[in-house]
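Undergrad: make a model of this:
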Amino acid sequence: MAAKHPLPYRVYLDITNKCPNLCLHCYTDSIRSSEEELGLDELKDLVQQMAAMGIYNLVITGGEPFTRTDLFDLLWFCKENKIEAMVITSGVLLDHLKIKALRDTKTHLRISIDGVSETTHDYVRGIGAFKGFLDAIKLVKQEKFDDVSVHFTLNRMNLKELLLLPGFLNEIGIREVTLSTIKPMGRARKHPELLIEPALVLFARERIKLIFQNKN
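TA: Numbering: from 1, shown residues only. Predicted structure coming up:
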């Protein structure tokens, strides 16, 4: 009898390669839509397959998911199939109507950040990106939308700001953060100044430990 493998806890789905940003660390090298992107019916079919398998956690990313006009059709379909959906975004395309729709579809929002200062964040994401991030946070606060977190991608430039991250998040009213590290894929391969050398990995781990120790 063949061994049974455990089901994955969640599925990550890149629904578009289109993005208004040109982030230096983008592992998908996103900029414009691809002919290979799945249509809405194909995405719905994947959601149905997930539900049939008993997988109920979907992370929607890209590119920038909000560039797709059918995103909320997909999110409503997730809700109908009892799939817990999360959208990862830069936040630059958010508005009041989108946040209301996120609440209605019970979708978690995760906004990306690459530094606690304008200089660091904008170096990676482009001029004005840090202001766009703060504007997005302001919008979710105005709408009293609490199902939101941030995603902080570690790179060599923002390591020095890691210990400042808890205070910054407290200042903007965000209680949940996910940390990941830059990957040498996509455009990041062209920017070795951002890549974390193996010798710095232990340093990064120690900084993360300090964050959680101070938090507790």
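Undergrad: from residue 155, how far off is the closest residue to residue 147 other than its chain neighbours?
TA: Take residue 147 and drop its neighbours on the chain: the residue closest to it by CB to CB, 6 or more residues apart in numbering is residue 108, 5.0 Å away. C-beta: built from backbone N, CA, C; applies to glycine. As judged by CB to CB, to the nearest Å, residue 108 and residue 155 stand 24 Å apart.
Undergrad: now do the end-to-end distance for stretch 170-177.
TA: Stretch 170-177 has an end-to-end distance of 11 Å (criterion: CA to CA, to the nearest Å).
Undergrad: and for stretch 61-72?
TA: By CA to CA, the extent of stretch 61-72 from end to end equals 13 Å.
Undergrad: any figure for the gap between the closest residue in space to residue 22 that isn't next to it in sequence and residue 172?
TA: Distances taken as CB to CB, 6+ apart place residue 126 nearest to residue 22, at 6.0 Å, with adjacent residues excluded. For residue 126, the distance to residue 172 equals 20 Å [CB to CB].
Undergrad: which one of those two is surrounded by more residues?
TA: residue 126 (17 against 14; other CB atoms under 10 Å).
Undergrad: is it true that that one touches residue 25?
TA: No: with contacts counted by CB atoms under 8 Å, residue 126 stays clear of residue 25, the gap being 12.0 Å.
Undergrad: ok so, going back, surely the residue nearest to residue 147 and residue 146 touch.
TA: No: if you go by CB under 8 Å, residue 108 and residue 146 don't touch, sitting 10.2 Å apart.
Undergrad: more crowded one of these two?
TA: residue 108 (16 against 11).
Undergrad: contact partners for that one?
TA: 84-87, 147-149 (CB atoms under 8 Å, 6 or more residues apart in numbering).
Undergrad: which residues does it bridge with?
TA: Legend: beta-bridge partners of residue 108 under DSSP bridges are residue 86.
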